[in-house]
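[1] what would the 3D arrangement of this be:
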Amino acid sequence: MGVLEDFFVKAKVAVDALGEKAGQIVDVSKLNIKMAELKNDMKNEYVNLGKAVYKAKKENTDDDATINYEIAQIDNLTLQIEELKKQIAAMQNKVLCKSCGQPNEVGSHYCAKCGEDLFAGESSEPETKDDFEDFDE
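    Predicted structure coming up:
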């Protein structure tokens, strides 16, 4: 009976791993849907910004409040989209290029799309802090 029990244990582990992977795919899909919604919202904000600029120029008025509001909305949506991209990359075990945004395999040193150093500006050695530096004279 040991062989049969081993089979069921291994099958359970495989099913659990498959279930976890399926759950991850669902979570990534939900984030991709949310990102698509945000991109559509951004498109609408760009249309609103264009209308505000057109109206201000056509009527020779200064409508900075509306224009600044639309710009702030676009900036906010951009930040939300970037955060979603980071979450998706983390779920897929990827590293985003800081230059072009391309997801790259963990362990890559250069971006597969633009060739940028993925760790430019980052120290390869962990920072060490002297816990007693405040007490040094």
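
[2] rest of the way, CA atoms for contacts and neighbours
    Will do.

[3] and the pLDDT at the residue nearest to residue 117 when sequence neighbours are not counted?
    Excluding its sequence neighbours, the residue lying closest to residue 117 (Cα to Cα, 6 or more residues apart in numbering) is residue 110, at 4.5 Å. According to the prediction, residue 110 has pLDDT 92.

[4] next one: residue 74
    The predicted structure scores residue 74 at 96 on the pLDDT scale.

[5] residues near it, how many?
    Neighbourhood size, residue 74 [other Cα atoms under 10 Å]: 21.

[6] likewise for residue 88?
    Should you count by other Cα under 10 Å, residue 88 turns out to have 21 residues around it.

[7] same question, the one 4 residues further on
    Burial of residue 92 is recorded as 16 neighbouring residues (other Cα under 10 Å).

[8] do residue 70 as well
    Neighbourhood size, residue 70 [other Cα under 10 Å]: 21.

[9] and the gap between it and residue 82?
    When Cα to Cα, to the nearest Å is applied, the distance between residue 70 and residue 82 equals 18 Å.

[10] doesn't residue 53 lie inside a helix?
    Yes. Going by DSSP: H, G, I helix; E, B strand; the rest coil, the assignment for residue 53 places it inside a helix.
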